[in-house]
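Asker: Need a 3D model of the sequence below.
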Amino acid sequence: MTEDKELRYDPATIEEKWQQRWAADPGLYAAEPATSSKPKYYVLEMLPYPSGQLHMGHVRNYSIGDALARHMWMRGYNVLHPMGWDAFGLPAENAALKNNTPPRQWTLANIAAMKRQMQRLGLGYDWATEVATCLPDYYRWNQWFFLRMVEKGLVYRKKSKVNWCPECATVLANEQVVNGCCWRHEDTLVEQRDLEQWFLRITAYAQELLDGLENLDGWPEKVRTMQRNWIGRSQGTEVDFGVEGGIEKIRVFTTRVDTIFGATSVQLAPEHPLVAAFAAADPRLKASVGELIEEQRKAREAGDLGVIEKHGVPTGRFALNPYNGERVPIWVANYILMDYGTGAIMSVPAHDERDFEFATKYGIEIRQVIKPVQEEDGAKLLPFCSEDGVLINSGEYNGLTCAQAQKLLQESAARQGFGEARVIFRLKDWGVSRQRYWGTPIPMIHCEKDGLVPVPDDQLPVLLPDTIQITQQGGSPLSRVPEFVHTTCPRCGAPARRETDTMDTFVDSSWYFYRYTDARNSSLPFDPATAQYWFPIDQYIGGVEHAILHLIYSRFWTRMMRDLGLVKNDEPARRLFTQGMVIKDGAKMSKSKGNVVSPDDMVARYGADATRMYALFAAPPDRDLDWQEDGVAGVSRFLGRVWRLAHAFEARAIEGRGGSVAAGNPAELKLLRKLHQTIAKITHDFEGRWHFNTCVAAIMELVNEIQNADPQLASGEVSAPVVRELLTTLVLLLAPFAPFLAAELWEQLGGHGSVLRAPWPQCDPALAREDEIEIPVQINGKLVTLVTVAAGSENKTMEAAALADEKVRARTAGKTVAKIIVVPGRAVNLVVK
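Answerer: This next block holds a predicted model:
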């Protein structure tokens, strides 16, 4: 082929043309109503925070979802592919403080800028369903849900030790503390403070959230494991130890009640209520406990509470084992947590690693009460932590297995009234109070007469004031706005004050995908019937960093809405895909690291198609992508080859319209075989593996094959109908990955209607099948040669071809072929001696 100026690929011109045309057709990406006869497909990428600029990490995420959406449109599905903005949050307040720009103004300007970027990239979103969580028509429903949870007993308020980020000047959920630091400010240590807080009773759904993971086989096992560990179910026994000389009881939780005869101390968390009572009469104990509390605080803030150096102090008091009346000393230990179990444990150093370490350090008795079923010579005896043993030194329970003893001891405790079976969870209730302005106001009123009073539904939304002074000091900015704070109690009519905390922004993202289905509903969060049609989401796409926070909260929210009668599904998403990160200069691409690559720059230099296609081609979607701009340039060059190829044979393709496509000679057969093999591969990858990098590679191989047949195409040896089939199908295969170029070439080749609605090509298995295949031959596990046999050959034919090969004969001369292993259609392995 010859090249001249007219055949040069000009992505800027092509993409501007189609961007304008698509913008003029607001229904292009719109889903059909729930009455559609087409099968539905809801594909969704996690909505972004409107920070102002997309980077290539965003582009990769959205390109994956967009490719899938376009493919499903072409497969004839009714596709919902929406986008919105997780628009509340601290960065808007930071910007207001830094730039003297109101948070709303800053946020909406960023939304407009990022939306323009998405449209320039050609992302196929139905903008009619767009939501921004910072707008009253959205956050009124956050408040409505809060009030429904108040009615169902899922909301409460209490004084609690909370995680406080000095940089954010607000409370963080446990899940927002990463290695002792704020999840947004990775170098800022989180402090512990006591504040009155609002909580959502997510623990009411703990068991259901755990059980539901078994049904999420379309989610990565890594995510399910992370959630199982975070929910953290422990099944065991609660037992009451009496306090010698007093009426108090110390309730301990243990998963190993079979070891209770080996308990040689009881240990309390430094903040256990009994510790305060003991310390009140003992100044030395009080000082020592204060030191333990400080050690625990520092360990929490550093994020290494699990590996804290264990310290403790004896109280001088004794507890009584309820099973045998034995006196055991009561200690206070810094590794016992008040917020796990009961804040007290029975310490069994012979059968617990932590207890053994503590007892060894402080000279506390170590008494073995479980012995292995089979003791091995030279094996470390203590601590013996396995449950594969039998009881010793345990009175009437001697000789029982651990499982037998647990059952009987638990029954005995229940029968005598000093204990019971119990299940506890690591998962804690969700603290949703935040001392910031830019969030959903909590719809509660403080009345001196009636206490806490919910805002009536007809007074929603409780609006954020437009004018606010943000200092990030001294609690919530709302508390300094009199016209917001001062109100009237809806119950008694007396003067009252509004709650000034706002909601955690993870509330916003826990249900936004339901709002997409009915984004303009002013009577309900969404129409239940419409949601029932679309849910669960067929494919959800986002980063694995959301495995704990967003994904657990959204699973809880779906169940809460189910119990309100709004939805019937238990889970928000049937399938979840977690894409890899984009890495530059050895670190995840992010603003904080200063290694962000703007897609605007890439689009300006190479075009949107090349930018998107590189994000899909450079690595498997589930792996990290090491950013290389040269790769974008390479993809742009490839698209230029496609452009020139289509233009070189455009006339012949148009000439072939309506003609019969058949392989009339070897050249046509070879090209059509490669075409249908490519269709099969890409279709298979969309249906399962999502290895879009190999999809793009397969398209490149197809283009190479067609270009290598340039003489046959030019001479007429390849018929015009076959030329048309090759080029139009190539464009269809390219459409999910490079939509601008595909739209342009589809139009120029005389394709009918929009390429987005053109049927996805179907593979003809007979055409895709090779006449001959190459089979690897190994001798003693090492590859020696490749032999060619007819496709579908029997094992004997493959064996004969291998033995007849010259390289094989040379390697086996004078030796004995002891064994021949044939993998049908795949390989021949010879064992030679």
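Asker: Show me what Gln778 bridges to in the sheet.
Answerer: Beta bridges link Gln778 to Leu783, Asn829, judged by DSSP bridges.
Asker: who's in contact with it?
Answerer: Applying CB atoms under 8 Å, 6 or more residues apart in numbering, we find Gln778 in contact with 784, 827-830. C-betas here are computed from N, CA, C, even on glycine.
Asker: any chance of those residues in JSON lines, with pLDDT too?
Answerer: Below are the contacts of Gln778 laid out as JSON lines (pLDDT from 0 to 100):
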{"residue": "Val784", "pLDDT": "92"}
{"residue": "Ala827", "pLDDT": "93"}
{"residue": "Val828", "pLDDT": "95"}
{"residue": "Asn829", "pLDDT": "95"}
{"residue": "Leu830", "pLDDT": "94"}
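Asker: Report the buried members of the residues you listed.
Answerer: 784, 828-830 (16 or more other CB atoms under 10 Å).
Asker: Can you add distance to Gly180 and give these back as CSV?
Answerer: Listed next are the buried ones among the contacts of Gln778 as CSV, based on distance: CB to CB, whole Å:
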residue, distance to Gly180
Val784, 57
Val828, 58
Asn829, 55
Leu830, 60
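Asker: Kindly check the end-to-end length of stretch 803-823 for me.
Answerer: 15 Å (CA to CA, to the nearest Å).
Asker: My error: substitute stretch 214-234 in the last question.
Answerer: Span of stretch 214-234 from end to end, CA to CA: 17 Å.
Asker: Now do the same contact list for the residue lying closest to Ile821 once chain neighbours are set aside.
Answerer: Nearest non-adjacent residue to Ile821, counting by CB to CB, 6 or more residues apart in numbering: Asn829, 4.2 Å away. Residues counted as contacts of Asn829 (CB under 8 Å, 6+ apart) are 777-779, 781, 820-823.
Asker: Phi, psi for Ala279 please.
Answerer: phi -70, psi -20 (degrees, to the nearest 10).
Asker: same deal with Asp563?
Answerer: Torsion angles, degrees, to the nearest 10, at Asp563: phi -70, psi -20.
Asker: Could you dump the contacts of Gln778 into a markdown table and include distance to Cys385?
Answerer: As requested, these are exported to a markdown table (distance: CB to CB, whole Å):
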| residue | distance to Cys385 |
| --- | --- |
| Val784 | 52 |
| Ala827 | 47 |
| Val828 | 51 |
| Asn829 | 46 |
| Leu830 | 51 |
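Asker: And those, which is closest to Val171?
Answerer: Ala827 (61.2 Å; CB to CB).
Asker: What's the separation between the closest one and Pro776?
Answerer: Distance check for Ala827 against Pro776: by CB to CB, to the nearest Å, it reads 5 Å.
Asker: Sketch out the low-pLDDT regions of the chain for me.
Answerer: Regions of the chain meeting the criterion pLDDT under 70 cover residues 1-6, 173-175, 301-306, 376-380, 472-474, 592.
Asker: Mind doing that once more with 50?
Answerer: Applying pLDDT under 50 to the chain flags residues 1-3, 5, 378.
Asker: Mark out where each domain of it begins and ends.
Answerer: 145-201+430-503, 233-425, 628-768, 772-832 (automatic domain parsing).
Asker: now do the same end-to-end measure for the third one.
Answerer: Looking back up the chat, that one is domain 628-768. 35 Å.
Asker: Then stretch 30-37?
Answerer: 15 Å.
Asker: Looking at the contacts of Gln778, which is nearest Ser394?
Answerer: Looking across the contacts of Gln778 and measuring by CB to CB, the closest to Ser394 is Asn829, at 58.5 Å.
Asker: Look up how far Ile775 lies from that closest one.
Answerer: In terms of CB to CB, Asn829 sits 11 Å off from Ile775.
Asker: between the two, what contacts are shared?
Answerer: With CB under 8 Å, 6+ apart, Asn829 and Ile775 have no common neighbours.
Asker: picking up where we left off before, closest one to Val731 out of the contacts of Gln778, please.
Answerer: Looking across the contacts of Gln778 and measuring by CB to CB, the closest to Val731 is Ala827, at 36.8 Å.
Asker: List the contacts of that closest one.
Answerer: Per CB under 8 Å, 6+ apart, neighbours of Ala827: 775-778.
Asker: Ok, Met560 next?
Answerer: Taking CB under 8 Å, 6+ apart, one finds 145, 149, 152, 154, 205 in contact with Met560.
Asker: how about TSV for these, with neighbour count, secondary structure and distance to Met46 added?
Answerer: Formatted as TSV, the contacts of Met560 follow (neighbours: other CB atoms under 10 Å; DSSP: H, G, I helix; E, B strand; the rest coil; distance: CB to CB, whole Å):
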residue	neighbour count	secondary structure	distance to Met46
Phe145	24	helix	20
Met149	18	helix	24
Lys152	13	coil	28
Leu154	22	coil	25
Tyr205	21	helix	22
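Asker: show me what contacts the residue lying closest to Pro456 once chain neighbours are set aside?
Answerer: Nearest non-adjacent residue to Pro456, counting by CB to CB, 6+ apart: Pro490, 5.2 Å away. Counting by CB under 8 Å, 6+ apart, Pro490 makes contact with 445, 453, 455-456, 459.
Asker: can you confirm Pro490 is in a strand?
Answerer: No. Pro490 is assigned coil when assessed by DSSP: H, G, I helix; E, B strand; the rest coil, not a strand.
Asker: Let me see the ranges of the strands in the stretch 101-250 of the chain.
Answerer: Taking DSSP state E, counting those that start in this stretch as the criterion, the stretch 101-250 of the chain contains strands spanning 155-165, 170-172, 177-178, 181-182, 191-200, 233-243, 249-254.
Asker: Make JSON lines from those strands and add distance to Ala31 and mean neighbour count to it.
Answerer: Formatted as JSON lines, the strands of the stretch 101-250 of the chain follow (distance: least, CB to CB, whole Å; neighbours: other CB atoms under 10 Å):
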{"stretch": "strand 155-165", "distance to Ala31": "34", "mean neighbour count": "17"}
{"stretch": "strand 170-172", "distance to Ala31": "37", "mean neighbour count": "23"}
{"stretch": "strand 177-178", "distance to Ala31": "37", "mean neighbour count": "16"}
{"stretch": "strand 181-182", "distance to Ala31": "39", "mean neighbour count": "21"}
{"stretch": "strand 191-200", "distance to Ala31": "31", "mean neighbour count": "16"}
{"stretch": "strand 233-243", "distance to Ala31": "39", "mean neighbour count": "19"}
{"stretch": "strand 249-254", "distance to Ala31": "50", "mean neighbour count": "21"}
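Asker: so which of the ones you listed comes closest to Gly634?
Answerer: strand 177-178 (36.7 Å).
Asker: And the contacts of the closest one?
Answerer: In contact with strand 177-178 (CB under 8 Å, 6+ apart) are residues 163, 183, 186, 190, 303.
Asker: Pick the one among the buried ones among the contacts of Gln778 closest to Leu671.
Answerer: Val828 (30.3 Å).
Asker: any idea how far Ile775 is from that closest one?
Answerer: 6 Å.
Asker: Overlap in contacts, those two.
Answerer: 787, 798, 801-802.
Asker: Take those and keep only those in strands.
Answerer: Val787 (DSSP state E).
Asker: Of the shared contacts of Val828 and Ile775, which pair is most distant in space?
Answerer: Val787 and Met798 (7.8 Å).
Asker: so what sits against both of these two?
Answerer: 775, 828.
Asker: higher neighbour count, the two?
Answerer: Met798 (24 against 20; other CB atoms under 10 Å).
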